[in-house]
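Trainee: sequence first, then the predicted structure:
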Amino acid sequence: MEEPREAFSRNDGRAGAIVVEKFLVDSVKPASHVQLACSGQCCAFPSDGNELCIWDTKDPPHQLMILKGHRQPITAVTFGSRESPLLVCSASLDCVMMWGLGECRREELQGRLPRGTALGALLGRVLCLRLSPDDRVVAVCVKNKVLMLDLESRSLLAELDGHHGPVTAAEFCAWQSHILISASEDRSFKVWDHRTGSLIYGSSVFTAAPLLSLLVDPRSQQLVAGCTDGQLWIFSLVEGHHYRCVTHVDLKRKRESFCARRAESEPEGGQPPSTKAPETGEETEVALPVLSLAACDCGFLSETACCLWIGSSAGLLMFNLASFELEAVLHYKEFRSLSIQVAGSCAVASRTGGGEALCLLTSMFGNETALVEVDPAALLRSQQRPRRGPDLSVLPSSCVSPTSPLYLGLVKEKRTKPATQKHSAARSVVKDHPLVFHSKIRSSGYTAAPCTTVFSRKTSFKNDGKRASRSKSNYRCKECPLESPAPSELSRQLAVARGQALLCVQYSGDGQRLACGSANHLFLVCDADLTGTPAVLSGHDGAVGSVCWSHDGRWVLSASQDGTLRVWSVRGPELALRLGKDTFPKPVQLAQFYYMDAFILSSSGPEVQLLKHHIDTSKDDLRRYRQKSWCEPVCRLPSTDATEVTSLSAVNDFHSYLVLTAGRNRTLEVFDLNMGCSAAVITGAHSRPVHQICQNKGSSFATQQSQAYNLFATAATGDGIKLWDLRTLRCERRFEGHPSRGYPCGIAFSPCGRFMVCGAEDRHAYVYETSSSTFSRRLAGHTSMVTAVAFSPVATQLVTATLDGKLQLFQAQ
């Protein structure tokens, strides 16, 4: 056995010792397709065919122990789940043997030959071994069957027969020890109750290549299956999810995109990673069969990160189970001191008490076996793009800068205050009093003064005071509870657009009203409980694709495909402000109120405009057709590469400097309006352009942790939903499972931040928990595609809009 030696990256030697080859063993016979075993304490592998080598990973000492007992070449090895006593099970064509490593070590020190316990003889070629969580039962995968052997009685407990091809992998469920999951070359997996020997669930054929490896992740309660063609399939094991598929990943494409991003971030003069053979200089096609899967201790990444190691013939991949993205890629050929360049078998485990990972490899074409120690933190530092620029947060950490467009806009408003406001303010000082305001005067003849409410807020365009007061009292007693379940029960349905598609929907800040835009050029406002007749605001000449309520609830804004932006008064069907071609160089697509109604944000072509506005709906008899409201641009922010802005989002409920945009070139850009410039750019956010950005804005009726406001979600047609963190500019989680392949369906956060809902093309709305990548509820009752969704800021209610012009109200059970 050779001495340990260090291997450094060819591309970044400054990263330090990323990989260290701890030992190398040359065997007489190859072990390229043998199940290896690796734990935080020891690793086990066959040597010279029928000898079992145990290497202690503790440092010091490095002790190698040879266990002899098999007559035929060893085909599978596995460790037990308990650390003390640590058991190891090995299988060959002649028998299956169990070894107690503590007892074997003592016998070796006393000069005696360690002996194992034979569990079964002449079972056939064993492809996989797995010990139960309590180390009482071992699963032996032989041909098309899984044999369950009891360690104490050495008897056969059950024979699980049902696969149509050789069983290649088996895993026990950690939180349900009686559950065993097996995978086979027949391209399916099966779930067994090994105590009774019954089949619980059998999947269909879901892949074109045989399955090689399995992993049951107890943290996310997911099953991960790897194939020979580099495909990774993830299934949910949560009770009630019925083993549904969460997603499937093409590792080859993921690796190519990861290497492309890494090459873009390489400094000038640096060599990007390459898969070229050093002898000929020609590109070599490297396959990525998933040889092994193992949990990754990724506390250095984040406290909530959940990653796994993927061992392949070409290298090691660190895969994030939340975002379904590669965090790091280690190619064996990129490290000049590694003895094995192409692996035939692989086993990975995290070292006990440390962050390093141990990788046991056997050569594909030779007889070598090597143990490699990988520092995942150093690997990440050498490959991830450095974060440049200031730290970003939705919550401002400083006052408005005197050079900020926000400061200039507010100061200009104070200097140029209209004279009409001054006169009206002066007139309001003189109060109107009745001539007789006492309660009782003998000579007047009045017994009591009339009691009237002068300044009562109108909540409907119609003079229906009873309905408005009932709605107010109803919502006052309903505050948004933080621990309530997600809305799932269909309460009411209302047809508002007569077969025309509804494109957007939004609740008012007090939760009493809904605004929605339709494809038939109409803008509608209705009660939140979907009662009564909606108020119709007409005037647009194109589909209304964006609506927004003001923070004070007095105004509502709409943007249409006709290129105009309109502001409407809530107190009546009255147009308060209209902006068109004279304000925007290109037709406006998206617009919203910003900075607590101080500004209007709009996107027009490749730029974002910050507009200062004043709304005045008072009438002048002489100039009744002249609009008193005005709006003027404060600044224009061009997007990177002058690409068209496809989505826009900013917080209006409190003062925030950040504005999020998405471009047609699949990029996300963050603008800091306190500095008046672009603060960060995320390239390749989705495989297609983002059609909606949704921030976790919370609600006035629900509180969240301050860090939660930095989360935002993006949706792209055919590429699912991604959850991002502004502080790290990383995708923290990905939500898949809802069909949205051809139509841009809307998304929304709940006020508590625990749920996210999205529309889908299969006439359902999907509710996700932000801590899980698979949907928790599937809301039925729609008659067409769900195009837009919105959570109530006050109560546990949800409204969905469909392509046939209907609104659906869902409440919590």
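Mentor: Arrived safely, thanks for sending.
Trainee: every contact and neighbour count from this point should use C-alpha atoms.
Mentor: OK.
Trainee: which element follows the one helix or strand residue 157 maps to toward the C-terminus?
Mentor: When elements are assigned from DSSP states H and E, residue 157 belongs to strand 156-161. Next helix or strand after strand 156-161 toward the C-terminus (DSSP H and E): strand 167-172.
Trainee: could you list the paired strands of the next helix or strand after that next one along with their orientation?
Mentor: Following strand 167-172 in sequence order, the next helix or strand is strand 179-184 (DSSP H and E). Its sheet considered, strand 179-184 pairs with strand 167-172 (antiparallel), strand 189-193 (antiparallel) by DSSP bridges.
Trainee: quick one: low-confidence ranges for the stretch 601-750 of the chain?
Mentor: 619-627 (pLDDT under 70).
Trainee: can you show me the strands along it?
Mentor: 607-614, 630-638, 645-650, 658-663, 668-672, 677-682, 690-695, 711-716, 721-725, 730-735, 747-749 (DSSP state E, counting those that start in this stretch).
Trainee: picking up where we left off before, off-centre distance for the strand holding residue 157?
Mentor: 40 Å (CA atoms, centre = their mean, to the nearest Å).
Trainee: what angle separates that strand from strand 179-184?
Mentor: With axes from the mean of the first three to the mean of the last three CA atoms, to 10 degrees defining the directions, strand 156-161 sits at 50 degrees from strand 179-184.
Trainee: mean confidence for strand 156-161?
Mentor: Regarding strand 156-161, the rounded mean pLDDT is 94.
Trainee: repeat for stretch 484-491
Mentor: Across stretch 484-491, pLDDT averages out at 90.
Trainee: contacts for that stretch?
Mentor: By CA atoms under 8 Å, 6 or more residues apart in numbering, the residues outside stretch 484-491 that reach it are 755, 767, 777-779, 781, 796-798, 808-813.
Trainee: out of the residues you listed, which one has the lowest pLDDT?
Mentor: residue 813 (81).
Trainee: picking up where we left off before, okay, and which of the contacts of stretch 484-491 map to helices?
Mentor: Assigned to helices by DSSP state H, none of the contacts of stretch 484-491 qualify.
Trainee: mark which of those residues are buried, thanks.
Mentor: Buried by 16 or more other CA atoms under 10 Å: 755, 767, 777, 779, 796-798, 808-811, out of these.
Trainee: widest-spaced pair of these?
Mentor: Pairwise distances across the buried ones among the contacts of stretch 484-491 peak at 18.2 Å for 755 and 808 (criterion: CA to CA).
Trainee: can you say which of the strands paired with strand 179-184 is packed in most?
Mentor: strand 167-172 (a mean of 26; mean count of other CA atoms under 10 Å).
Trainee: and it, how far from the chain's centre?
Mentor: Distance, stretch centre to chain centre, for strand 167-172: 29 Å (CA atoms, centre = their mean).
Trainee: count of residues packed around residue 697?
Mentor: 23 (other CA atoms under 10 Å).
Trainee: leaving out chain neighbours, which residue sits closest to it?
Mentor: Nearest residue to residue 697 in three dimensions, chain neighbours excluded: residue 709, at 6.1 Å (CA to CA, 6 or more residues apart in numbering).
Trainee: so that neighbour touches residue 696, yeah?
Mentor: Yes. With contacts counted by CA atoms under 8 Å, residue 709 reaches residue 696, the gap being 5.4 Å.
Trainee: between those two, what contacts are shared?
Mentor: With the criterion set as CA under 8 Å, 6+ apart, the contacts of residue 709 and residue 696 do not overlap.
Trainee: after the helix of greatest length in the chain, next one along is what?
Mentor: Secondary structure of the chain per DSSP H: the longest helix is helix 251-264. Per DSSP H and E, the first helix or strand lying C-terminal to helix 251-264 is strand 292-296.
Trainee: next one: that following strand to chain centre, how far?
Mentor: Using CA atoms, centre = their mean, the offset of strand 292-296 from its chain centre is 21 Å.
Trainee: average pLDDT for that strand, rounded please.
Mentor: Strand 292-296 carries an average pLDDT of 93.
Trainee: now the helices for the chain?
Mentor: 101-109, 251-264, 376-383, 405-415, 419-429, 465-476.
Trainee: and the longest one, which residues are buried?
Mentor: What that stands for is helix 251-264. Quick answer for helix 251-264 (16+ other CA under 10 Å): 251-252, 255, 258-259, 261-263.
Trainee: in JSON lines: the strands paired with strand 179-184, plus mean pLDDT.
Mentor: JSON lines is the format used below for the strands paired with strand 179-184 (pLDDT from 0 to 100):
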{"stretch": "strand 167-172", "mean pLDDT": "96"}
{"stretch": "strand 189-193", "mean pLDDT": "97"}
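Trainee: now distance to residue 20 too, for those, in TSV please.
Mentor: Formatted as TSV, the strands paired with strand 179-184 follow (distance: least, CA to CA, whole Å):
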stretch	distance to residue 20
strand 167-172	29
strand 189-193	36
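Trainee: hey, what's residue 594 bridged with?
Mentor: With DSSP bridges as the rule, residue 594 is bridged to residue 599.
Trainee: list the contacts of the closest residue to residue 121 other than its chain neighbours.
Mentor: Once flanking residues are discounted, residue 121 sits nearest to residue 95: 4.0 Å by CA to CA, 6+ apart. Counting by CA under 8 Å, 6+ apart, residue 95 touches 70, 118-123.
Trainee: for residue 95, give its distance to residue 142.
Mentor: 12 Å (CA to CA, to the nearest Å).
Trainee: also residue 111?
Mentor: 35 Å.
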